[in-house]
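# from the sequence below, what's the structure:
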Amino acid sequence: MLKINTKLHLIEDISYLPSDNYDLRPDNIDIDTIIIHCISLPEGAYDNENVSDLFTNKLDIAKDKTFLSLKGLRVSSHLFIRRNGVLSQFVPFNMRAWHAGVSQYKGRENYNDFSIGIELEGTSSSIFTEEQYSKLREVIKIMKTCYPKIVENNIIGHNKVSPERKEDPGKFFEWDKIKG
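Got it, this is the predicted structure:
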């Protein structure tokens, strides 16, 4: 059972890999949204440290030709769930991770301000594992407890807030496996 250290805003007993890619949330902001993303580097390659290295500014862009476009990119997510369900944290929940980018949905902008970003190891054109869904359900449950303004309708994909740029988590993501 996951537990959040409410003083540090970190999930206890998981890997914490501090990212420098965050800043303060605006004053008087309630965390009320979870944004589901997916990522793998290179796309479709799993079981490597490339995503963690990207979020901690350690990615060697010479490792793969597709990484050249990531040079100088400073992004992060609060959480990353690997294919086997292993969970890592990069940014404390009270801080603004840089995961949504330019974002707008339902009359609101700047989704990084009030959301928790969760990355799943995968692609927008592949299925996710039962271990990932199980861990994601567990994370959502604890997020709702710690941040009671998070409701079902505010658990959305990156594609909702940035539809012209993003497809994730993709057409194969099974929303019914995490709702309720």
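
# how close does residue 10 sit to residue 108?
Going from residue 10 to residue 108 by Cβ to Cβ, to the nearest Å gives 26 Å. Glycine gets a C-beta too; all of them are placed from N, C-alpha and C.

# comparing those two, which residue is more hemmed in?
The residue with more neighbours, out of residue 10 and residue 108, is residue 10; 18 against 14, by other Cβ atoms under 10 Å.

# so that one touches residue 89, yeah?
Yes: look at residue 10 against residue 89 with Cβ atoms under 8 Å: they come within range, at 5.8 Å.

# common neighbours of those two, please.
When contacts are counted by Cβ atoms under 8 Å, 6 or more residues apart in numbering, the set common to residue 10 and residue 89 consists of residue 16.

# and the residue nearest the centre of the chain, which of the three is it?
Of all residues in the chain, the one closest to the mean position by Cα atoms, centre = their mean is residue 118, 2.1 Å from it. State at residue 118, reduced to three classes by DSSP: H, G, I helix; E, B strand; the rest coil: strand.

# who does it bridge with?
Assessed by DSSP bridges, residue 118 has beta-bridge partners residue 36, residue 79.

# with just CA atoms, put stretch 73-88 into PDB.
Below are the C-alpha coordinates for stretch 73-88, written out as PDB (Å, rounded to 0.1, in the frame of the first residue of the first chain):
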ATOM      1  CA  LEU A  73      14.900  19.800 -23.500                       C
ATOM      2  CA  ARG A  74      14.000  20.300 -19.800                       C
ATOM      3  CA  VAL A  75      10.900  18.300 -18.900                       C
ATOM      4  CA  SER A  76       9.800  16.200 -15.900                       C
ATOM      5  CA  SER A  77       6.900  14.300 -14.500                       C
ATOM      6  CA  HIS A  78       5.900  13.700 -10.900                       C
ATOM      7  CA  LEU A  79       5.800   9.900 -11.400                       C
ATOM      8  CA  PHE A  80       6.900   7.200 -13.900                       C
ATOM      9  CA  ILE A  81       5.300   3.800 -14.000                       C
ATOM     10  CA  ARG A  82       7.400   1.100 -15.800                       C
ATOM     11  CA  ARG A  83       6.000  -1.800 -17.700                       C
ATOM     12  CA  ASN A  84       6.500  -4.100 -14.600                       C
ATOM     13  CA  GLY A  85       4.600  -1.600 -12.300                       C
ATOM     14  CA  VAL A  86       7.700  -0.200 -10.600                       C
ATOM     15  CA  LEU A  87       7.100   3.400  -9.600                       C
ATOM     16  CA  SER A  88       9.600   6.300  -9.500                       C
END
